[in-house]
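In: sharing a model prediction with you, sequence too.
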Amino acid sequence: MNLSVALINLKPGTGKTTSAVWLAHAFHEMGYPVLLVDADPAASALEWSDLAEGFPCRIIGMPSKELHRRVPEIAKPDEIVVIDAPQMEDHKGITRSVLRLADELVIPVAPHGIEINRMSPVLDEIDDIQSLREQPARVSVLLNRINRSSTTHTETREDLTEDGWHVLSMMIPFVNRYSQSFGLPVKTRATEFEALAEELLKRASL
C-alpha cells in the first residue's frame, strides 16, 4: 500500500461513506491506483457502486475484525487504500481493526456541538490502539457539510485547534453534488476532494 486513509466516526450519518467514495474518486482522477474498502456491515459503498454500475477504482467489502491483516494481502503495492469504516458505537471490533491499519484517520464532522462532543470517545479508542501499531497513526478532523454563509465552521476550527486537534485545511461544503450523490455515478471533478487528497498526500510526504 502506498497510503491508507480511513474515514471514522462514532455515529452513522456523519458523511463517512460520501467522503470515502468521493476521496477515492479524487485520488483516481489524480492518477493514483485506488482500492476502496467498505468495512461497514451495512455495505453502503458497495450498494452505491452497484446502483451506479461500478466505480473507476477497485472496491471490496471487508467488514472484518481481521481487516488490518487481510487488506495488506489484497492491496497492491502502489495503491492508495481508502476505508469506509462502520460507526464505532455498533461495530467496535471492526473499527479497532481499521484503526490498527490506516496511516491517516480522518474524522468527518459537521460544525455542530453534538457531533463535536462525540469525538472524545473516538480519540479514546485511537489512543488505546496506538500501542498495537508499528507507527502511530496520523489523526485529523475534516469539517464536513459546511455552510459557507455562516461563520460557525471558523469558530469550530478555532475551538478544535485550541483543544489540540489537527483540523484539515480543506473543508467540504454542504452542496447537492455531494449530499445527494448516493447511488449516482461519480464522474465529475471534485475540486474540494482533490484538494483534500493533495493535503493528505502532503501529510504523508508522498
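Out: Great, that's in hand.
In: for the residue of the chain positioned farthest from its centre, phi and psi?
Out: Most distant residue from the mean C-alpha position of the chain: Ser149, 25.0 Å away (C-alpha atoms, centre = their mean). For Ser149, the backbone dihedrals are phi -80, psi 0 (criterion: degrees, to the nearest 10).
In: what residues are up against it?
Out: Applying C-beta atoms under 8 Å, 6 or more residues apart in numbering, one finds that Ser149 lies in contact with no residue. Bear in mind the C-beta positions are built from the backbone N, C-alpha and C, glycine included.
In: next one: it relative to Leu36, how far apart?
Out: For Ser149, the distance to Leu36 (C-beta to C-beta, to the nearest Å) stands at 32 Å.
In: got the contact list for the lowest-mean-pLDDT helix or strand in the chain?
Out: The helix or strand of the chain with the poorest confidence is helix 113-117; it has a mean of 84 (mean pLDDT, DSSP states H and E). Counting by C-beta under 8 Å, 6+ apart, helix 113-117 makes contact with Lys11, Thr14, Val109, Thr156, Asp159, Leu160, all of which sit outside it.
In: excluding chain neighbours, what is closest to the last one?
Out: Spelled out, it's Leu160. Once flanking residues are discounted, Leu160 sits nearest to Val167: 5.1 Å by C-beta to C-beta, 6 or more residues apart in numbering.
In: how about Ala6?
Out: Ala102 (3.6 Å).
In: list the contacts of Ala204.
Out: Residues touching Ala204, when contacts are defined by C-beta under 8 Å, 6+ apart, comprise Leu3, Asp103, Glu104, Arg138.
In: what subset of these is buried?
Out: For the contacts of Ala204, burial is judged from neighbour counts taken by 16 or more other C-beta atoms under 10 Å, and it is met by Leu3, Asp103, Glu104.
In: the last one pairs with what?
Out: With DSSP bridges applied, Glu104 shows beta-bridge pairing to Val5, Arg138.
In: please tell me how far it sits from Thr156.
Out: Taking C-beta to C-beta as the measure, Glu104 falls 20 Å from Thr156.
In: buried residues in the least confident helix or strand of the chain?
Out: Neighbour-count burial for helix 113-117, counted by 16+ other C-beta under 10 Å, picks out Glu115, Ile116.
In: what's the following helix or strand after that helix?
Out: Where DSSP states H and E defines the elements, the next helix or strand beyond helix 113-117 is helix 119-129.
In: tell me which residues in that following helix are buried?
Out: Using 16+ other C-beta under 10 Å as the burial criterion, the residues of helix 119-129 that qualify are Met119, Val122, Glu125, Ile126, Ile129.
In: before we move on, the earlier item: tell me the two of the contacts of Ala204 that are most distant?
Out: Considering C-beta to C-beta, no two members of these lie farther apart than Leu3 and Arg138, which are separated by 10.4 Å.
In: what sits in contact with each of these two?
Out: Asp103, Glu104, Ala204.
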